[in-house]
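Enquirer: Provide a 3D model corresponding to the input given below.
(chains A and B)
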Amino acid sequence: MDAIKTENLTKRYKDIIAVDGLTLTVKQGELFSLLGVNGAGKTTTVKMLSCLASPSDGDAWLLGKNIRKDTSAVKSVIAVSPQETAVAVGLTVKENLELICGVHGFEKNYRDVKIKELSSLLGLESVINRKAGKLSGGWQRRLSIAMALISDPKILFLDEPTLGLDVLARRDLWDVIRSLKGKVTIVLTTHYMEEAEALSDSIAIMKDGKLLICDSVEKIKEKAGTDDFEQAFVEIVRGENK
Amino acid sequence: MRTVTFAVRITKEIIRDPLNLIFGLGFPVVLILMLSAIQANIPVDLFEIQRLTPGITVFGLSFLTLFSSTIISKDRNTSFLQRLYTTPLTPLDFILGYTLPIIPIAVAQSIVCYVFALILGLDFSVNMLYAILSVAPLSVLFISFGLLFGSILNEKQVGGICGALMTNLSAWLSGTWFDLDLVGGAFKKIAYALPFVHAVEMERAILSGNFSDIFPHIWWVLGYSIVLLSAAVFFFLRQMKKQ
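Expert: Next comes the predicted model:
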């Protein structure tokens, strides 16, 4: 079974078509990146797939569960780390993790196990009792991802997870994302070409809501006739204009 | 369980903000002390501790509007709510989670005001306990304002509307600071068309033990609470759908 399958998925906001007939599949365990310039429709796609926005047309299934009819079932297998750092700033790192455990209804014992496991995975032990609002952007992003992983999602949406981070924090987060590969299907949206190239199994490039190409990094470079992925991206997006 | 978890988070975020403590607890106490000092020098009926304390407790509740609206608009702006919308939390969990934790804060605020009033010479009576307990349902009115504004305004607008406008409206139009009959006319009509003066009159009636005098004020307060809470739920759900 595919992790994600979309058919002609479309989102309209009055006169604007944010996502236009998107049809693609994402395999289980894959790290799938959505690339595109601003306004390409990446975030809207993530919102529809995570049941935060309903499609105007078309449909999608996540592990066989329909995003229109089985909203609760879809929510039970996904987690979202939003574009902006979405943590409770007045709570400590541990309290943030406890909060998410609580809203998922975990028992205390299981909650403690999960917090220990994720603190270790994301390297949060050293800041576990610090207020989230006092942490640097890199640490807040780690916490945000840990909060998304609490519920053991089968599909994890990471919306621009390294946006605004310095190069070291970004590389650290790449290691974290790599460590998740294979365990969970990841849908990553990013503006950083080197990030997509370094992490992705498959990449979809979108522009003006439309899917331009969906393939592996090597195949995309081959089709664009260049060895440089950023150049390939530019060729494909500009080629659409010609 | 989910509602409780979310409500505990709201409580922690509110009580850990020192500004909330300063304005929510400190400011009403300062006002009681200051107006009582004025009363000691230039006696004014309105500032007698028996009449002043209910007015100040109601005025203090206007800060609850600021607390609840700020936390909701902050959650909206930081995408924290968006994250929570992808969890099993239901709309009812959100509404209760934002509302319930502020009620005990309101009661605590009221207790602090009455403790200072006792120090300043208010006679203790069982009616004082009733007045404190009646703050719990009364606080729903002010929390509903907060839910409503937090659902439709951004953080900056909330600061202006709830921090400045609401506190001033509940001060000037409540009959706490000056007798509304002194101004009269349209000002008095507007004041009596809004819930603040009715909330103060209701609290005064309870504290003085003249329970029949809570009418018709209680109907105004209840009416406004129901309408505002309904509007707040509607606009909260609307912005939830928009996310």
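Enquirer: CA only for contacts and neighbour counts going forward, please
Expert: Fine.
Enquirer: measure the residue nearest to residue B:173 when sequence neighbours are not counted to residue B:198 for me?
Expert: Nearest non-adjacent residue to residue B:173, counting by C-alpha to C-alpha, 6 or more residues apart in numbering or on different chains: residue B:191, 4.9 Å away. Taking C-alpha to C-alpha, to the nearest Å as the measure, residue B:191 falls 9 Å from residue B:198.
Enquirer: how about the residue of chain A found nearest chain B: what's its closest non-neighbour residue?
Expert: Residue nearest to chain B within chain A (C-alpha to the nearest C-alpha): residue A:86, separated by 4.2 Å. Using C-alpha to C-alpha, 6+ apart and skipping the chain neighbours, the partner closest in space to residue A:86 is residue B:80 (4.2 Å).
Enquirer: skipping adjacent residues, who's closest to residue B:144 in space?
Expert: Spatial nearest neighbour of residue B:144, chain neighbours left out: residue B:229 (4.9 Å); criterion: C-alpha to C-alpha, 6+ apart.
Enquirer: how much space between that neighbour and residue B:146?
Expert: In terms of C-alpha to C-alpha, residue B:229 sits 10 Å off from residue B:146.
Enquirer: more neighbours: these two, which one.
Expert: Neighbour count, other C-alpha atoms under 10 Å in any protein chain shown: between residue B:229 and residue B:146, residue B:146 has more, with 31 against 22.
Enquirer: tell me the pLDDT at that one?
Expert: We note a pLDDT of 94 for residue B:146 in this prediction.
Enquirer: what element comes up after the lowest-mean-pLDDT helix or strand in chain B heading to the C-terminus?
Expert: None of the helices or strands of chain B scores lower by mean pLDDT, DSSP states H and E than helix B:18-21, at a mean of 85. Sequence-wise, the next helix or strand beyond helix B:18-21 is helix B:27-41, with elements assigned using DSSP states H and E.
Enquirer: hmm, back to that, how far away is the residue nearest to residue B:144 from chain A?
Expert: Separation of residue B:229 from chain A (C-alpha to the nearest C-alpha, to the nearest Å) stands at 24 Å.
Enquirer: end-to-end on stretch A:206-220?
Expert: 13 Å.
Enquirer: buried set for it?
Expert: A:206-214, A:216-218, A:220 (16 or more other C-alpha atoms under 10 Å in any protein chain shown).
Enquirer: same thing with stretch B:3-15?
Expert: Per 16+ other C-alpha under 10 Å, stretch B:3-15 contains these buried residues: B:3, B:4, B:5, B:6, B:7, B:8, B:9, B:10, B:11, B:13, B:14.
Enquirer: can you tell me which of the residues you listed is closest to residue B:105?
Expert: residue B:11 (8.4 Å; C-alpha to C-alpha).
Enquirer: what pLDDT does residue A:241 get?
Expert: 50.
Enquirer: helices of chain A, start to end?
Expert: Counting by DSSP state H, the segments of chain A that form helices are A:42-49, A:71-77, A:93-103, A:108-122, A:137-149, A:167-180, A:193-199, A:217-224, A:229-241.
Enquirer: chain B too?
Expert: Under DSSP H, chain B gives helices at B:2-15, B:18-21, B:27-41, B:49-77, B:80-85, B:91-99, B:102-119, B:126-152, B:155-158, B:167-172, B:180-183, B:185-193, B:195-208, B:217-242.
Enquirer: thanks a lot, catch you later.
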